[in-house]
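Q: test case, fold it:
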Amino acid sequence: MKNQAQLITYVDRFGGGNLAALQALLTGPLAGLFGGVHLLPFFHPIDGADAGFDPIDHLSVDARLGHWDDVRRLSEHIEVMGDVIVNHVSSQSPQFLDYQARGADSPYAGLFLRMDTVFPNGAREADLLGIYRPRPGLPFTPYTTAAGRELLWTTFTPQQLDIDVQHPQGKAYLSSILQRFADSGIRMVRLDAVGYAIKQAGTSCFMEPATFAFIAAFAAEARALGIEVLVEIHSHHQRQIDIARQVDWVYDFALPPLLLHALFNGTAEALKRWIAIRPSNALTVLDTHDGIGIIDIGADARAGLPGLVPPAELDRLVDQIHEASGGQSRQATGAAASNLDLYQVNCTYYDALGRDDEAYLLARAVQCFLPGIPQVYYVGLLAGHNDMDLLARTRVGRDINRHHYTPAEIQADLQRPVVQRLCALLKLRNTHAAFNGRFHLASSDEHALHLAWEGEGGERLVLKADFRTRRFEITEDGIARAL
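A: Prediction:
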């Protein structure tokens, strides 16, 4: 993976609606800003029950976006990352429809995970209550197939049927996706929802030792095809550290809420404690297609592990986001908007900071100065506002941060000073030799943060951020550098 910033975007929501238009945007107006692009699900269809994360056909590009040849052409200009949706497939997939019709005679009978596969002798109440799930209720949905009435695992929604990744058919299905990606020039994959992939009786069915073994085996298969692996896990911060030791890349999901905590409260102490221990093989993010994670800096009561901030401050942080966004995030979070992700607040990062340009750029500067690869969400690139109209139409909380940008909107937003300064920051991050050198967390006051990089040739960049005043300065070899 290039040591340059990445863009994360939907193909159809960012200026043109297809892969060819996105390539023209990345090689035209956005040239020099990104070394890679993470294409959110572009498979058939992109508009299912979960915005593409419930593929009917993971091996086909949605015809509205283009074809695999378009993916390959894009990969010739910029590194491309794609999602391997490890945990589930759509209930409308041809594999499941065949299984529904033919039952045990279907060649896909072993692809779908049934409750009795994991609990052949039945499950006790304690077994069911011990299953970790990010949404209310139990992870099962009754379906009628040729075999009769069955309880199938559905970790996320009833339309997303969990795959038995340990069955030969499940393994073959996932291997076919990897091969298709490799053939199309994709050199990085994100394992979506992989923490839930392995289910074993008597466990939480989330990030157990068997899950790590599965990730290791899958990553080895990917590497043999020349593909790096990013693991997506929302969990306690110590678990992220443990996971990072065993994979190519993880997300730094603790960073977004910690930066908000620092900016709201004028103290960088919790943030500095995390920087001192965080893994360096991380993609730093402030925003993604999902909400702003809260669980990542909270305590793990089940394991008796403290969080990065105390519970009262965590509760207050959620309220502070709601206040800064003028109450808009409250309308998109929790039961208010059919949002079932219990650990996320839905809001653009720019609106979470009350549309304060300096605070927003300070947060982006910290993101770019931390070890790892900065990944910038398409709405965040344009310092986007909450899309309340889209939220009103769909009543899906995460749509508040999934705006459909027209080419004209992109051109207009690229002229805004806050966006131009962010673009200058990204170009600095991509080109300055210091970022290929050594990182140092310097001592500073409680309300300040000093991050320094020194290149092999003596090049030196320092970020000095003050969370009390919401101001920051970047110096190059001791001389202030304007953005």
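Q: so what pLDDT did the residue most central in space within the chain get?
A: The centre of the chain sits closest to Thr288, judged by C-alpha atoms, centre = their mean, with a distance of 5.3 Å. We have a pLDDT of 95 for Thr288.
Q: now the element after the worst-scoring helix or strand of the chain on mean pLDDT, going C-ward?
A: One helix or strand of the chain scores below all others by mean pLDDT, DSSP states H and E: helix 237-244, with a mean of 89. Downstream of helix 237-244, the next assigned helix or strand under DSSP states H and E is strand 249-252.
Q: convert the C-alpha atoms of whichever helix or strand comes after that following strand to CSV, please.
A: Counting by DSSP H and E, the next helix or strand C-terminal to strand 249-252 is helix 255-265. This file holds the C-alpha atoms of helix 255-265, laid out as CSV (Å, rounded to 0.1, in the frame of the first residue of the first chain):
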residue,chain,number,x,y,z
LEU,A,255,-9.2,8.3,16.6
PRO,A,256,-12.5,10.0,15.5
PRO,A,257,-14.2,10.1,18.9
LEU,A,258,-11.0,10.9,20.7
LEU,A,259,-10.4,13.9,18.5
LEU,A,260,-14.0,15.1,19.2
HIS,A,261,-13.5,14.5,22.9
ALA,A,262,-10.3,16.6,22.8
LEU,A,263,-11.9,19.4,20.8
PHE,A,264,-15.1,19.6,22.9
ASN,A,265,-13.2,19.5,26.2
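Q: before we move on, the earlier item: any idea how far Asp387 is from the residue nearest to the centre of the chain?
A: As judged by C-beta to C-beta, to the nearest Å, Thr288 and Asp387 stand 15 Å apart. The way it works is simple: take the backbone N, C-alpha and C, and place the C-beta from them, glycine included.
Q: and the least confident helix or strand of the chain with helix 255-265, angle?
A: 150 degrees (axes from the mean of the first three to the mean of the last three C-alpha atoms, to 10 degrees).
Q: show residues contacting helix 237-244.
A: 207, 212, 215, 231, 233, 250-254, 274, 277-279, 281-282, 296-297, 300, 305, 307-308 (C-beta atoms under 8 Å, 6 or more residues apart in numbering).
Q: how about stretch 194-201?
A: Stretch 194-201 is contacted by residues 86-87, 113, 118-119, 123, 127, 153, 155, 162-163, 165-166, 205-208, 210-211, 214-215, 218, 231-235 when judged by C-beta under 8 Å, 6+ apart.
Q: just the buried residues out of these, in ChimeraX syntax.
A: Selection of buried members from those for ChimeraX, criterion 16 or more other C-beta atoms under 10 Å:
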select :86,87,113,118,119,123,153,155,162,163,165,166,205,206,207,208,211,214,215,218,231,232,233,234,235
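Q: show me where the stretch 101-250 of the chain has strands.
A: 140-145, 148-153, 160-162, 188-192, 228-231, 249-252 (DSSP state E, counting those that start in this stretch).
Q: state the mean pLDDT of the fourth one.
A: It stands for strand 188-192. On average, strand 188-192 scores 95.
Q: elements contacting that strand?
A: On a contact count with 3 or more C-beta pairs under 8 Å, 6 or more residues apart in numbering; DSSP states H and E, strand 188-192 meets strand 36-39, strand 79-85, helix 209-224, strand 228-231.
Q: pipe those into JSON lines and attach mean pLDDT per row.
A: Output for these, formatted as JSON lines (pLDDT from 0 to 100):
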{"stretch": "strand 36-39", "mean pLDDT": "98"}
{"stretch": "strand 79-85", "mean pLDDT": "97"}
{"stretch": "helix 209-224", "mean pLDDT": "94"}
{"stretch": "strand 228-231", "mean pLDDT": "95"}
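Q: great, nothing more from me.
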